[in-house]
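Engineer: this one's structure only:
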């Protein structure tokens, strides 16, 4: 059934909000289910030295009222959601600075790394898929497939560590320092290689499918070489199904960037989160989880929406994946 | 005109079929190679207490940072612990813990997927949406959240994994259950008055085992890699636990002078995950390409 774009858009928006709300309830549940009362944690930080039992109880009650922990859970949730949405993410236990400021400081570095990594992945994936699909089942295809398989099997932290050792020994790569152009190539390469297999596999399948279409056969019949057919005629339509992978690729970029940033001491949000977890810096952990959740949900829904507008036939995503 | 059309269509179809046939990769070879590797890993790890030359936690069983030679054929780390003994014992823990987690995750996923698959259209729609949302979510983020709120430890990592890892199994099971129930044989059996339980046993189960097995192999590999990766970041297993990822993290400082410290646990992770990936991919080729589930 075809619906006007406005209806599709409104429904998608409502759906996205619903998913975000459900996700926020889950995150809130996760945060509140953590062992230890937040007040106790803070009192523990303060030391609680030289206080009598009744003093501690009194302070605890005051703090609970102050934090709104004496309110019913639904009310706490609404307040919490309000704070998260307005960017009031609290203060870092470690640095004493506002979590929002700390996160915003690190967003550019993460963004640059993610974009460069994605660029590497796209170049590699398109190249490999073109190579592999030229002769499906041929020797090149087999080699590419084995290489992709091996890449899937190499965890990115291992790949990163090895790459770092080799680069340090061979080119004097320095891990320390700010996020500069001279440093980014290695983490971008590692991140890109980690994301490549997912992309190249789907692209190869869709290239092979497109090559069997009549227009491609016709182009060949008109005398176009195999290479020209592939590059001039088949590549563009074959890229369309790969668009649906945007959400998936984004998810693996987020995941991959946590590990890559930590391995290469890249001053981005992922490494910040890892450091915060090691230091039990709850406000930072909470902000990171909320942000990552919102981003992943939004990107996924956005990709779905674009896909539906481009191809209104419906569940093309499942087809592309199969 | 019509003749030309049909000839053209025929040519297109034939070419498409030929391309598809040739695109089918060598499943059998992958399964055999992966199984042999996997059997080797499991065997070696199972007999680890008898073949490991030293106590994995004992310090100064040899000189510090010794290169691989003589008694310590795989070298020692900065505390003088024997690398081979640690890799072997670490593998034991990794395999046991992963297997237990996977068993739980598969059980939950298959049950949830079956319930959704048997539900009416509304229940199915709702269930499918929930499962799809969980599948789309990067497992590492959820695990990091769990670890972040509970403190770094191996159980925290596995607990976080339990929260999300069931979803791909639920999605696959739901799809398989619905497909199986739509088969003519299932429709006939139902019309003849077969109970749901009977249908599940006779119609659904045989169609479930293969594809779920594929997913188990692939996801087990990914779980091992994830646990090792998070332990490498200090989120999972803590020192002196001989977990592979934790060992790699410990080796970072001395990696250039003592490459054996990286090679030992690195190769262990690599071979195990590679074996599982090969088995999964190969089985997928042999069974059907349509069972493929892509996830981050």
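Structural biologist: Yes, it's here. In this text, all values refer to a predicted model and were calculated from it rather than measured experimentally.

Engineer: quick check: longest helix of the chain.
Structural biologist: Using chain A. As assigned by DSSP state H, the longest helix anywhere in chain A is helix A:99-134.

Engineer: um, chain B though
Structural biologist: Determined from DSSP H, the single longest helix within chain B is helix B:83-118.

Engineer: what sits up against the helix or strand following that one?
Structural biologist: Downstream of helix B:83-118, the next assigned helix or strand under DSSP states H and E is helix B:121-136. By CB atoms under 8 Å, 6 or more residues apart in numbering or on different chains, the residues outside helix B:121-136 that reach it are A:19, A:22-23, A:247-248, A:251, A:296-297, A:300, B:112-113, B:115-117, B:119, B:164, B:167-168, B:170-171, B:174, B:178, B:295. Glycine gets a C-beta too; all of them are placed from N, C-alpha and C.

Engineer: now the angle from helix B:121-136 to helix B:83-118?
Structural biologist: 160 degrees (axes from the mean of the first three to the mean of the last three CA atoms, to 10 degrees).

Engineer: my read: residue A:99 touches residue A:92, true?
Structural biologist: Yes - with contacts counted by CB atoms under 8 Å, residue A:99 reaches residue A:92, the gap being 5.5 Å.

Engineer: could you check which of those two has the larger neighbour count?
Structural biologist: Neighbours were counted for residue A:99 and for residue A:92 using other CB atoms under 10 Å in any protein chain shown; residue A:99 has more, 24 against 21.

Engineer: leaving out chain neighbours, which residue sits closest to that one?
Structural biologist: Setting aside the residues directly before and after it, residue A:99 is nearest to residue A:89 in space (CB to CB, 6 or more residues apart in numbering or on different chains), at 4.0 Å.

Engineer: and the helices in the stretch 201-322 of chain A, which stretches?
Structural biologist: A:214-221, A:226-228, A:235-243, A:246-263, A:269-278, A:282-310, A:316-321 (DSSP state H, counting those that start in this stretch).

Engineer: distance to residue B:143 and mean neighbour count for those helices - can I get that in JSON lines?
Structural biologist: Converted to JSON lines, the helices of the stretch 201-322 of chain A look like this (distance: least, CB to CB, whole Å; neighbours: other CB atoms under 10 Å in any protein chain shown):
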{"stretch": "helix A:214-221", "distance to residue B:143": "44", "mean neighbour count": "16"}
{"stretch": "helix A:226-228", "distance to residue B:143": "45", "mean neighbour count": "12"}
{"stretch": "helix A:235-243", "distance to residue B:143": "28", "mean neighbour count": "18"}
{"stretch": "helix A:246-263", "distance to residue B:143": "10", "mean neighbour count": "25"}
{"stretch": "helix A:269-278", "distance to residue B:143": "10", "mean neighbour count": "24"}
{"stretch": "helix A:282-310", "distance to residue B:143": "11", "mean neighbour count": "20"}
{"stretch": "helix A:316-321", "distance to residue B:143": "24", "mean neighbour count": "16"}
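
Engineer: columns mean pLDDT on top of the ones you listed, output as JSON lines?
Structural biologist: Converted to JSON lines, those look like this (pLDDT from 0 to 100):
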{"stretch": "helix A:214-221", "mean pLDDT": "84"}
{"stretch": "helix A:226-228", "mean pLDDT": "79"}
{"stretch": "helix A:235-243", "mean pLDDT": "74"}
{"stretch": "helix A:246-263", "mean pLDDT": "80"}
{"stretch": "helix A:269-278", "mean pLDDT": "88"}
{"stretch": "helix A:282-310", "mean pLDDT": "80"}
{"stretch": "helix A:316-321", "mean pLDDT": "40"}
